[in-house]
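**Q** Take this sequence and fold it.
(one chain, ligands or ions: 1)
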Amino acid sequence: MADQYVLGSVLASVLALVVLYNLIVKRNARGESTADVAKAATTAVNGECRSKNGGRDDVDVIIVGAGVAGAALAHTLGKDGRRVHVIERDLTEPDRIVGELLQPGGYLKLIELGLEDCVENIDAQRVFGYALFKDGRNTRLSYPLEKFHSDVSGRSFHNGRFIQRMREKAATLPNVRLEQGTVTTLLEENGTIKGVQYKIKTGEELTAYAPLTIVCDGCFSNLRRSLCKPKVDVPSCFVGLVLENCELPYANHGHVILADPSPILFYKISSTEIRCLVDVPGQKVPSISSGEMANYLKTMVASQIPPQLQDAFIAAIEKGNIRTMPNRSMPADPQPTPGALLMGDAFNMRHPLTGGGMTVALSDIVVLRNLLRPLPDLNDAPTLCRYLESFYTLRKVDVPSCFVGLVLENCELPYANHGHVILADPSPILFYKISSTEIRCLVDVPGQKVPSISSGEMANYLKTMVASQIPPQLQDAFIAAIEKGNIRTMPNRSMPADPQPTPGALLMGDAFNMRHPLTGGGMTVALSDIVVLRNLLRPLPDLNDAPTLCRYLESFYTLRKPVASTINTLAGALYQVFCASPDQALKEMRQACFDYLSLGGVCSTGPVSLLSGLNPRPLTLVLHFFAVAIYGVGRLLLPFPSPKRMWIGARLISGASGIILPIIKAEGVRQMFFPATVPAYYRAPPASKNQTHSNRGKHVKQQLALFEATAFPLSPN
Ligand SMILES: Cc1cc2nc3c(=O)[nH]c(=O)nc-3n(C[C@H](O)[C@H](O)[C@H](O)COP(=O)(O)OP(=O)(O)OC[C@H]3O[C@@H](n4cnc5c(N)ncnc54)[C@H](O)[C@@H]3O)c2cc1C
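**A** Predicted coordinates:
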């Protein structure tokens, strides 16, 4: 019996040893194979994950530009253990009139990124809200900050000091390298961006390589257009006829018939001829020679045009001079080539329904002329070609106005710690403190041309047209600032985000997306984008698989939308509402906006929480915008609606729609209001593909909750 026990114990021990041995060997083998795979892509340095970049530079991310976005991003990615190489054109402290008021929503982003100390020790001023002025009346709009730590508020400062603090902070990280140099080209291999070429002060051209290049070269970005793909679309053809011996229903007006299946145009091309263009969807039109086309026009089209044109229409068909033309549409896709430049339709086409082609071509010529003017010699083709890359950027960007900047001293604002907006004529004026002794004044001048500073025209304009519209207690300091002569100007650019996912590269900051600076939202959007990107990149130890990473990062374009679209739309819409207009309906809208905001309660906290980035919900924005319009109409109709007032009310609603709907369209309706329906709303990171289905689902839910929580700090949840 004892023998049996001994034998049993020996067998059990042997069995246990075999199992244990197997377990250890298998685990080691698995460990080795995982390590091998990882080793192929990464090397461990101080326990951190490192991308190995095909024997090239040991860098994970190249950042082009160390402005607000680039400097904050460098610190953020550096803190996450990435090796970051920042290439900035000028590392000395910038001196600019942009990016001087950070909204509370932007300050929350700074906290999230661990950068809030960058607004310390730069004499930054706290901002608790706005004061709005119109026709001698004013109203105070406070940020809804009650739910936040007492430290949370807006901050206004010298932009250069803020940037320099962020650059210094990024440079303290051992894995972040800041280098002064101007990036001239993105290096591409088989459609993937592999790095950049840049020029340093000595004139030497260098190259740098990394799996991911993030372009943050600001509003004048030369590099953004390298990140586009060509695409020619032919949605329809126009069939052209000339009508004679008839008159259009409205003299001197183009006529658009919203026919079935698509529009028909009529406009005069001479005193006796009317051009008719019938849109035929698709690329194939009925044959002219076989008579199919004449038949189609007579049976399908004729009955849809105004009766007084029908005889002439049929006569034109009978005459047989029918022509067709494909309606091409092609977004500009610059491929800069030394010694050559594409212009006009060769370069960029759109559907001719709105007759915009010549306008675009002429506008392009103006841009090009202005670029070429300072160049006496066009011989250095490569340099010229690089310089002319600005052309591709400048032509797409909208510049509705310029800001003229002054610094006021020895005065106090009517409301301490508040930004001040004067609803002046022709457009708004801003004031906010940028240090304990200085007040920034930004005077909006509509259009792209401002009075000349050197000839004294600007000083004259400010004294005669602007000074009388600002609060009396600021007038002396305003005049003194003009006399001092330190007047600066800056174009107010606006450009909707137009993502063209490119393996190996990503655009950020103003290089990617701009809005009118009236609401001071640019830095908030840039910082919020950095938070989204950081959260997306965090689960990825290695950034080398460029195509997979590019696909995964498509989520970025949707996840950033609630914050970015709300701030962009508000900035564009508010600017248009706040500008003076001779149109009575728009005048009413402007007044209604001022009065609505003055009502207090939700009528002021709602819009202000949108503006401050504390509650960036697009639907809330649309509701408040139309509430203002309806409020305006209500005031027109009460107590007694006259036909004239009803007409103005109708135009007010149509004007309001005309302001906000194009902006929303440019932002993308689906991404803005239904982001969760976009396929790339949130893609699980490629590294987590081996997870079980339920683990993966849990991860996705956690990540989305994180994005939701950081995007909506004022959320009722
Ligand atoms: C008049 C005006 C007022 C504004 N006021 C506000 C405001 O009050 N609040 C607010 O939040 N936003 C404001 N904005 C918007 C805000 O300034 C921008 O959104 C913000 O600066 C964008 O940051 P960025 O990093 O993309 O660009 P920038 O801060 O402009 O940084 C770009 C950097 O890239 C560098 N660079 C450029 N080209 C190259 C190259 N080829 N190689 C290397 N480096 C390069 C530049 O030197 C620069 O340092 C304002 C804008 C304007 C026009």
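**Q** So which bits of the protein are right by the ligand?
**A** 64-70, 87-90, 97-102, 106, 182-183, 216-219, 222, 403, 490, 492, 509-511, 517, 520-524, 526 (Cβ under 6 Å from any ligand atom). Placement of C-beta: from N, CA and C, glycine included.
**Q** So which of the residues you listed are in helices?
**A** Counting by DSSP state H, these place 68-70, 106, 522-524, 526 in helices.
**Q** and the closest residue in space to residue 88 that isn't next to it in sequence, how many neighbours?
**A** Excluding its sequence neighbours, the residue lying closest to residue 88 (Cβ to Cβ, 6 or more residues apart in numbering) is residue 66, at 3.8 Å. Residue 66 sits with 29 neighbouring residues when counted by other Cβ atoms under 10 Å.
**Q** Could you do the one 10 residues further on as well?
**A** For residue 76, the neighbour count with other Cβ under 10 Å is 23.
**Q** So it: helix, strand or coil?
**A** For residue 76, the assignment made with DSSP: H, G, I helix; E, B strand; the rest coil gives helix.
**Q** Read off the pLDDT value for it.
**A** If you check residue 76, the pLDDT there is 92.
**Q** Domain ranges for this protein, per the record?
**A** Listed domain ranges for the chain are 61-122+157-229+500-559, 233-329, 344-394, 398-494, 562-677 (source: automatic domain parsing).
**Q** what bridges to residue 186?
**A** Beta-bridge pairing for residue 186 (DSSP bridges): residue 196.
**Q** which ones are touching it?
**A** 193, 195-196, 213, 215, 223, 226-227, 505 (Cβ atoms under 8 Å, 6 or more residues apart in numbering).
**Q** one step back: rebuild the ones in helices among the residues of the chain next to the ligand as JSON lines, extending it with pLDDT and neighbour count.
**A** Output for those, formatted as JSON lines (pLDDT from 0 to 100; neighbours: other Cβ atoms under 10 Å):
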{"residue": "68", "pLDDT": "93", "neighbour count": "27"}
{"residue": "69", "pLDDT": "92", "neighbour count": "29"}
{"residue": "70", "pLDDT": "93", "neighbour count": "31"}
{"residue": "106", "pLDDT": "91", "neighbour count": "27"}
{"residue": "522", "pLDDT": "95", "neighbour count": "28"}
{"residue": "523", "pLDDT": "95", "neighbour count": "30"}
{"residue": "524", "pLDDT": "95", "neighbour count": "29"}
{"residue": "526", "pLDDT": "96", "neighbour count": "26"}
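**Q** Return the member of those nearest to residue 276.
**A** residue 522 (46.8 Å; Cβ to Cβ).
**Q** mind listing what that closest one touches?
**A** 68, 98-99, 510, 514-515.
**Q** what mean pLDDT does the host helix or strand of residue 256 have?
**A** According to DSSP states H and E, residue 256 maps onto strand 255-257. Strand 255-257 shows an average pLDDT of 80 in the prediction.
**Q** still on that earlier bit, which ones are touching the residue nearest to residue 88?
**A** Contacts for residue 66 were tallied using Cβ under 8 Å, 6+ apart; they are 74, 86, 88, 91, 163, 166-167, 170, 178, 216.
**Q** PyMOL command for the buried members of the residues you listed?
**A** Buried residues within these, by 16 or more other Cβ atoms under 10 Å, are selected in PyMOL with:
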select buried, resi 74+86+88+163+166+167+170+178+216
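**Q** And the furthest pair within the contacts of residue 66?
**A** Checking the contacts of residue 66 with Cβ to Cβ, the most distant pair is 91 and 216, at 14.4 Å.
**Q** any idea how far residue 613 is from the residue of the stretch 51-200 of the chain at minimum distance from the ligand?
**A** Going by Cβ to the nearest ligand atom, the ligand is nearest to residue 67 of the stretch 51-200 of the chain, at 1.7 Å. To residue 613, residue 67 is 19 Å away according to Cβ to Cβ, to the nearest Å.
**Q** if we can go back for a sec, mind checking the backbone torsions on the residue nearest to residue 88?
**A** phi -120, psi 60 (degrees, to the nearest 10).
**Q** for the residue lying closest to residue 157 once chain neighbours are set aside, what are its contacts?
**A** Using Cβ to Cβ, 6+ apart and skipping the chain neighbours, the partner closest in space to residue 157 is residue 124 (3.9 Å). Residue 124 makes contact with 155-157, 162, 435 under the criterion Cβ under 8 Å, 6+ apart.
**Q** Let me know the pLDDT of residue 124.
**A** Looking at residue 124, its pLDDT stands at 89.
**Q** Could you list the low-confidence segments of the stretch 201-350 of the chain?
**A** 227-234, 329-350 (pLDDT under 70).
**Q** Scan the contacts of residue 124 and report the most crowded one.
**A** In terms of neighbours by other Cβ under 10 Å, the contacts of residue 124 top out with residue 162 at 28 neighbours.
**Q** Would you check that it makes contact with residue 121?
**A** No - using Cβ atoms under 8 Å, residue 162 makes no contact with residue 121, being 10.9 Å away.
**Q** Tell me which of residue 67 and residue 613 has more neighbours.
**A** Between residue 67 and residue 613, counted using other Cβ under 10 Å, the more crowded position is residue 613 (32 against 26).
**Q** Need the phi and psi values for that one.
**A** Per-residue torsions, residue 613: phi 80, psi 10 (degrees, to the nearest 10).
**Q** I'd say it and residue 528 touch.
**A** Yes - using Cβ under 8 Å, residue 613 is in contact with residue 528, at 7.2 Å.
**Q** what are the pairing partners of the host helix or strand of residue 208, and which direction each?
**A** Taking DSSP H and E as the criterion, residue 208 maps to strand 205-209. Paired neighbours of strand 205-209 in the sheet (DSSP bridges): strand 192-199 (antiparallel).
**Q** Perfect, that will be all.
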